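Asker: requesting a structural model of the entry that follows:
(3 chains)
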Amino acid sequence: MAHQWGMVIDLDRCTGCEACVVACHAENNIQTVGEKQAATGRAQHWIRVERYYEGEFPDVKVKFMPVMCQQCGQAPCEPVCPTFASYHTAEGLNGQVYNRCIGTRYCANACPYNVRFFNFFNPVWEKPLHLQLNPDVSVRTVGVMEKCTFCVQRIKAGEIQAEAENRPVKDGEIQPACVQSCPTRAMVFGDLSDPQSEVSRLAHSNRATKLLDELGTLPKVSYLQRDSWHGGEDT
Amino acid sequence: MAAVNSVYGLFHGPHAAERGMNALRAAGIAPDQIIVMSPEPFEEYGFAQAERAKLMPWLVALGGVIGGTTGYLIAWYTQTAYPIVTGGMPIMAPWPTGIVTYELTMMGAIVTTLITLLIGSRLPNWKPKLYDPEISDGKILIGVVDPPDNARADIENRLRRAGAEQVKATGRFSAS
Amino acid sequence: MVAKTPEQINEDLLRPLSVTSGRYWVGLAFFSGIVVAALCAFLFQVYSGIGVAGIRRPVFWGFYITNFVFWIGLSHAGTLISAILRLANATWRRPVTRCAEVITVFALSIGATFPVIHLGRPWLAFWLFPYPTERGLWPNIRSPLLWDFFAINTYLLGSVTFLLLPMVPDFALVRDHAKTAVRKRIYTILALGWTGTPRQWHRLEKAMQIMAIAIIPVAVSVHSIVSWDFAMAPVPMWHSTIFAPYFVAGAIFSGIAALILAMALLRKLLHLEEYLLPIHFQNLGKLLLVMSLLWVYFVFAERLTTWYGNGSSEMAVFWLTQTGSYSPLFWTMVTCNFLIPFPILAIKKLRTITGTAIASFTVVIGMWLERFLIIVPSLSHKYLPYSWGTYRPTWVEITITAGTFAAMALLYMLFSKTVPIISIWELKWGRHEEPVRDPVLAQRDEEAMA
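Answerer: Numbers count the residues shown, from 1 in each chain, chains lettered A, B, ... in the order given. So this is what the prediction gives:
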């Protein structure tokens, strides 16, 4: 059976350090748009740490929630793309094919999680920053939509390596950059179709919920938390 | 303009034109030799009844069916040739297929209307056999194409008696 | 009032084709300038990247899609007047049909440019067309944008056909009255050799009848499909079943308003006072009133359902437009679409040509605002509050928007100079279809019988 990649994020462990955000930028050749463009709302953070404040000083609580593409099983971004740039892969990922994208931005509007990012200008890496680009990941051009891919280049590399060594992929062997960089091990990545994998076990935990579950998107990312954020309410 | 032999009268209104038509029919002239031209359609009058467009709606319906079939085939072929899963929907999604089929049905009907209009009216025909620019000023032309020589005077009299403002001739008749 | 003879009608309605006032050239230059500026703005956008426009995350659609929906909506003018009134046998429509159909064709053409203008990579817009590629890939028919592609093209073809077919007898008329050899040649070609035989008239009439029946469902489907660009996405206050009828009603509403405005301007500028009569404006004004009430009904029904359901994400958008940062625009829209037009159109004394023109002007503004307020507030406040944002247009979008209005005016000016803006043969036909006998013609009849 094909792998069905999924992720679990333990919100009780997340400190909001944003190491995942930095790692993602480095791994996936994501540009920093500059102060002016970021102020306009064009910053591109494939994974972001949402920060919500609750209560009044001195009883302030801060909640952190890393949000990236949920790789929805019934992704609203997929049917609306006229050129099939956004589609569902056999391994349960939402694939974004940069070459097919003509930039209608319908997918970004349809995404309830706002996890899609658009290249409003051609990205620029001033020398010597261009030396840090990851050769495994393409650089996107102006007018193209991009988003978290669960580091599909690492998934592919891991699968190819396992195939070459004539063995199945080991649980925990493939780690996207964010999962790898998390200091508190709040993020776990693995094969949801394997009932023995850590991600499957955690996804079935009684602390697990999904983001915007009620919309019927069937996201692959589960969030673990001791109490839900709204007292008795589920969502 | 190709020279055609004809004798015709220009009438100022539909009632007079009707009289002209009746006069020509009474003379025993065959309907397919009588030529009528007007600046507007005169559906209610007898002189404008020739050559109705009975077949057109059926052809348009057929065109619609062809368009719809084409639409369905386009949807079927393009989506199954390179099947890509999107949003959990089936590859041949029924509702979108229905929409595309519907739009191309209407497109087929519209294109067929245009084509049958042009072909049925024998347009474009930039060199019509017979035409008089006075029609644009509101006159109705009722006349006979290729009448026998000896009938010419009779036709002209009939047209004048019926109320033709002018009687003209073309082709070999125009010389005299 | 003495009825006009055919020669007089010809003269009046053909005069604009040969007589050009100074202010025509001024207007032409002015509008052309704005269109050129818009073109430059677009080229600048293609060169620099779409980031020069104001769209951003999360409001990925802004002015361009507003204009797209607005102009496609405006194009429903011609369909209503030509097709529905024709089927309802409303003979008063005759002088008005061509004005309306011209609006349709030009508004559609303008609207249809926006799917290209708003693209991130507009040079690849042709990928929406289903053609065999070396990749073996075809467009995605599940996408509402593809439905847009088919629907708008069908509607454009239908509208152009609906406009051009009845123009052929008028081209023949202009051909016969052409004053210069060049004009005669051009109009001879355009007239296709039309002579006016019953064969031709029957087929033209039948074609118009068929087109009238066919174009109405196409028009309804076009704006329904445009509305589904929004309704198919799970965005608060977009994902609503009311969108299709709401948009179609709004389209007809804005279309009638545009038509009244165009007619009022033409009447004044081309001296058509004896052809575009107060009764036309009265009748269209009544239709506009009905559509205004219908619009209020749809807005109320949609907002009531939202408010009663009290979903947290939906209510965030709801309050945003009702009392929040978009409320000035929202209440301006309500004023323009209902509060101003309603008294003007409902009170007979106020339903004059000037009155209906004022009401129509406010409706056009209000309907543009309505499209904007459907698109932007919902996108700015989706489900996750951390990603809420704002939108501000840049000079590029504003210039291109201004360019579309200028393009409409420009196209209309060019059209009215080359084709009689009132369908001459239909006007004359309308006159003689009624049993009232023209005294001038009746007398000539008597004389001929003697």
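
Asker: and stretch A:164-176, what's its mean pLDDT?
Answerer: Averaged across stretch A:164-176, pLDDT comes to 95.

Asker: please compute how far that stretch lies from its chain's middle.
Answerer: Computed by Cα atoms, centre = their mean, to the nearest Å, the separation of stretch A:164-176 from the middle of its chain amounts to 20 Å.

Asker: endpoints of that stretch, how far apart?
Answerer: Using Cα to Cα, to the nearest Å, the end-to-end distance of stretch A:164-176 comes out at 21 Å.

Asker: relative to residue A:178, how far out is the most centrally placed residue in chain A?
Answerer: For chain A, the residue nearest the mean C-alpha position is residue A:68 (3.1 Å; Cα atoms, centre = their mean). The span separating residue A:68 from residue A:178 equals 7 Å under the rule Cβ to Cβ, to the nearest Å. For the C-beta atoms, the positions are set from N, CA and C on the backbone; glycine is no exception.

Asker: okay, and the common contacts of the two?
Answerer: Listed contacts common to residue A:68 and residue A:178 are A:24, A:47; contacts here mean Cβ atoms under 8 Å, 6 or more residues apart in numbering or on different chains.

Asker: mind giving me the domain split of chain B?
Answerer: Annotated domains of chain B cover B:6-53+B:127-173, B:56-120 [automatic domain parsing].

Asker: report whether the shortest one contacts chain A.
Answerer: What it means is domain B:56-120. Yes. Interface with chain A: domain B:56-120 contributes B:84-89, B:93 (Cβ under 8 Å from any Cβ of the partner chain).

Asker: which ones among those residues also lie next to chain C?
Answerer: Near chain C, taking Cβ under 8 Å from any Cβ as the test, the members of these found are B:84, B:86-87, B:89, B:93.

Asker: coming back round to it: right, and the domains of chain B - which one's nearest residue C:130?
Answerer: Nearest of these to residue C:130, taken as Cβ to Cβ: domain B:56-120 at 5.5 Å.

Asker: figure out how far the closest one is from the centre of its chain.
Answerer: Distance of domain B:56-120 from its chain centroid, counting by Cα atoms, centre = their mean, is 28 Å.

Asker: ok, now stretch A:92-105?
Answerer: For stretch A:92-105, the distance between its averaged C-alpha position and the chain's averaged C-alpha position is 15 Å (Cα atoms, centre = their mean).

Asker: can you check stretch B:20-36 too?
Answerer: 20 Å.

Asker: buried stuff in it?
Answerer: By 16 or more other Cβ atoms under 10 Å in any protein chain shown, the buried positions in stretch B:20-36 come out as B:20-21, B:23-24, B:29, B:34-36.

Asker: filter those residues down to just the ones in helices.
Answerer: Mapping the buried residues of stretch B:20-36 onto helices (DSSP state H) picks out B:20-21, B:23-24.

Asker: among the domains of chain B, which comes closest to residue C:42?
Answerer: Comparing the domains of chain B by their distance to residue C:42 (Cβ to Cβ), the top pick is domain B:56-120, with 28.2 Å.

Asker: re the thing from before, quick check, pLDDT for the residue nearest to the centre of chain A.
Answerer: Per-residue confidence (pLDDT) for residue A:68: 97.

Asker: next SSE after the longest helix along chain A?
Answerer: When secondary structure is assigned using DSSP H, the longest helix within chain A turns out to be helix A:152-164. Read in the C-terminal direction, the helix or strand following helix A:152-164 is helix A:177-181, with elements assigned using DSSP states H and E.

Asker: which stretches in chain B count as helices?
Answerer: With DSSP H as the criterion, chain B has helices at B:14-26, B:56-81, B:94-120, B:152-162.

Asker: so what does the shortest one touch, helix or strand wise?
Answerer: Spelled out, that is helix B:152-162. Judged by 3 or more Cβ pairs under 8 Å, 6 or more residues apart in numbering or on different chains; DSSP states H and E, helix B:152-162 is in contact with strand B:6-11, helix B:14-26, strand B:140-145, strand B:166-170.

Asker: does residue C:156 sit in a helix or strand, and which one?
Answerer: Assessed by DSSP H and E, residue C:156 sits inside helix C:144-164.

Asker: need the contact list for residue B:109.
Answerer: B:60-61, B:63-64, B:67, C:210, C:214.

Asker: can you check residue C:259 too?
Answerer: For residue C:259, the contacting residues are C:77-78, C:81, C:96, C:99-100, C:103, C:284, C:360, taking Cβ under 8 Å, 6+ apart as the criterion.

Asker: so which of those residues comes closest to residue C:245?
Answerer: Minimum separation from residue C:245 among the contacts of residue C:259 (Cβ to Cβ) is found for residue C:77, which lies at 18.2 Å.

Asker: nearest residue to the closest one in space, please, no chain neighbours.
Answerer: Closest residue to residue C:77 in three dimensions, ignoring its sequence neighbours and counting by Cβ to Cβ, 6 or more residues apart in numbering or on different chains: residue C:255, at 3.3 Å.

Asker: burial measure for the one you found, as a count.
Answerer: 29 (other Cβ atoms under 10 Å in any protein chain shown).

Asker: so it makes contact with residue C:72?
Answerer: No. Contact criterion Cβ atoms under 8 Å: residue C:255 and residue C:72 do not qualify, at 10.1 Å.

Asker: burial of residue 215, as a residue count?
Answerer: Because you didn't say which chain, this covers chain A. For residue A:215, the tally of surrounding residues (other Cβ under 10 Å) stands at 19.

Asker: the chain in question should be chain C.
Answerer: By other Cβ under 10 Å, the residues close to residue C:215 number 27.

Asker: tell me which element it falls in.
Answerer: Counting by DSSP H and E, the element that carries residue C:215 is helix C:198-231.
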